[in-house]
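Asker: turn this into a structure:
(one chain, ligands or ions: 1)
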Amino acid sequence: MSEETGFTTMAGAKAEYETPEIGVGMLGYAFMGKAHTNAYKKIPYMMYPPPMIPKLVALCGRNERAVTEAALRYGYEGYYTDWQKMLENDEIQLFDNGSPNDTHADPCIMAAERGMHILCEKPLARNAEEAKRMLDAVQKARIKHMVAFNYRFVPAIRQIRNLIDSGKLGQIYHFRAVYLQEWIMPHYGTPKIWRLDKKVAGSGAIGDLGAHIIDLAHYLVGGVKSVSAYTKTFIDKRPLPDGSGTGKVDVDDAFVAALEFDNGALGTLESTRFAGGRKNYNRFEINAEKGSVVFNLERMNELQVFWVGEEPKETQGFHGVLITEGYHPWWENWWPHGHIIGWEHTFVHEITHLLDCIVNDKEVAPHGATFKDGYRAAVVCDAIVDSAASRKQVDIKY
Ligand code: SOE
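Answerer: Residues are numbered from 1 along each chain as shown. This next block holds a predicted model:
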């Protein structure tokens, strides 16, 4: 400390325990690059003490001006415009793939071959065949691998999983899920962006939104036995983003599906980006032997619960509850009860889980989604497409 100023520098100060660093290489600087980087920067001081301290080694993106600005904004040590060059950097131990779906497979397979741990955004791949190649690559390598199905890391959803695991809900009869958005309706004038292009995205609402509720079905209920589905493309031609003309939309705008689970439960799934007024409406309801629970992402700190035989019977029915007590999942890291958290914090939780699994050699599953979960979701996504095309029920086979 300086006697004169009273100031003590923290430069070079060491915490009482050594926390290992992990070098991160982030592919993608847009929406998911921002959400993941925000999480990497929050982990050291909010998930305290952190399992590891992320070191922002490199950001990668094709547009040099944009990736330069993003690397400066977020504090990366440097940037690449070529992901293959980034994957040759030995300073990187964790490869994070937040790029569009057509650049999930090759970079992740190379990262696995180079022994890097991997976090890949959902959907894992454009289809099950591609997802299987990625799964095979990571299973050959001795690495930790996770798919960013971030809704597994909402405190209220983890609480539902805990209620299921503890037997408090009993046998599950129904899983009823919708994931509704509105942003490609006519009044948005959305051009044919990559999410509407089959060779880039693989599918439309199915892989973008449906993958989330399929993964939640797997995480909360179990394996899917069969699927019967419809898909629809409401607008089949859109202007090209560069203004050079129009392009055919070759992916689904919406789907509805009926499922039978291996454990006998029944399910219904629906996803669309044509649900006017629905901004990010991921809502599901589970009806079980001892009660029901309802989750709605647009009110993500709450659950609606119904308990069979609840007393006093005069007020039997669904009740709202805030999942913000210190004893609720992850709440010891945040604020006093009622001081709610948001969508961004699910990435903080999920990346902390991955870092904990890396540094302590723990299994990413069952609470984190591995590439095997990414593959299982891809198989169900393909079954929805196949059932709609054949107008027949499709049995799930891995
Ligand atoms: C767009 O539909 C999107 O950003 C999805 O890609 C995300 O997975 C979802 O969490 C929010 O909506």
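Asker: does A58 count as helix, strand or coil?
Answerer: At A58 the chain is in strand, as set by DSSP: H, G, I helix; E, B strand; the rest coil.
Asker: for the nearest residue to it once chain neighbours are set aside, which three-state class applies?
Answerer: Closest residue in space to A58, ignoring its immediate chain neighbours: G25 at 4.9 Å, by Cβ to Cβ, 6 or more residues apart in numbering. For glycine as for every other residue, the C-beta is placed from the backbone atoms N, C-alpha and C. Of the three states, G25 takes strand under three-state DSSP.
Asker: which pLDDT value belongs to G25?
Answerer: pLDDT, G25: 98.
Asker: can you check the one 3 residues further on too?
Answerer: G28 carries a pLDDT score of 98 in this model.
Asker: residues contacting it?
Answerer: Listed by Cβ atoms under 8 Å, 6 or more residues apart in numbering, the contact set of G28 reads 60-61, 97-100, 121.
Asker: let me have these in TSV, adding distance to the ligand and secondary structure as columns.
Answerer: Output for the contacts of G28, formatted as TSV (distance: Cβ to the nearest ligand atom, whole Å; DSSP: H, G, I helix; E, B strand; the rest coil):
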residue	distance to the ligand	secondary structure
C60	20	strand
G61	18	coil
N97	14	strand
G98	11	coil
S99	12	coil
P100	10	coil
E121	8	coil
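Asker: the closest residue to P366 other than its chain neighbours: neighbouring residues, count only.
Answerer: Take P366 and drop its neighbours on the chain: the residue closest to it by Cβ to Cβ, 6+ apart is Y219, 7.7 Å away. Using other Cβ atoms under 10 Å, Y219 is surrounded by 22 other residues.
Asker: how about Y219, phi and psi?
Answerer: Backbone torsions for Y219, taken as degrees, to the nearest 10, come to phi -70, psi -40.
Asker: confidence score at it?
Answerer: We have a pLDDT of 99 for Y219.
Asker: and the one 5 residues further on, by the same measure?
Answerer: V224 is assigned a pLDDT of 98 by the prediction.
Asker: identify the bridge partners of it.
Answerer: F261 (DSSP bridges).
Asker: for it, which residues are in contact?
Answerer: V224 sits in contact with 214, 217-218, 259-262, 267, 380, 383, 396, where contact means Cβ under 8 Å, 6+ apart.
Asker: any idea how far it is from the ligand?
Answerer: As judged by Cβ to the nearest ligand atom, to the nearest Å, V224 and the ligand stand 20 Å apart.
Asker: one more: R65?
Answerer: 24 Å.
Asker: and V359, how many neighbours?
Answerer: Based on other Cβ under 10 Å, the number of other residues close to V359 is 15.
Asker: could you give the number of residues near the closest residue to the ligand within the stretch 251-398 of the chain?
Answerer: Relative to the ligand, the nearest point of the stretch 251-398 of the chain is N280 (5.6 Å; Cβ to the nearest ligand atom). Burial of N280 is recorded as 14 neighbouring residues (other Cβ under 10 Å).
Asker: can you map out the helices along the chain?
Answerer: Secondary structure of the chain, counting by DSSP state H: helices at 31-46, 64-74, 83-86, 105-113, 128-140, 155-165, 198-201, 205, 211-220, 343-359, 371-390.
Asker: out of those, indicate the one that is most buried.
Answerer: Among the helices of the chain, ranked by average contacts under mean count of other Cβ atoms under 10 Å, first place goes to helix 205 (a mean of 28).
Asker: can it be said to contact the ligand?
Answerer: No. Judged by Cβ under 6 Å from any ligand atom, helix 205 stays clear of the ligand, getting no closer than 8.1 Å.
Asker: list the contacts of that helix.
Answerer: With contact meaning Cβ under 8 Å, 6+ apart, helix 205 is reached by 179, 252-255, 271-273.
Asker: what residues go with each domain of this structure?
Answerer: 21-150, 152-395 (automatic domain parsing).
Asker: in TSV: these, plus distance to A13.
Answerer: Below are these laid out as TSV (distance: least, Cβ to Cβ, whole Å):
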stretch	distance to A13
domain 21-150	14
domain 152-395	22
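Asker: got the contact list for the closest residue to the ligand within the chain?
Answerer: With Cβ to the nearest ligand atom, the shortest gap between the chain and the ligand falls at D208, namely 4.7 Å. For D208, the contacting residues are 123, 195, 201, 271, 273, by Cβ under 8 Å, 6+ apart.
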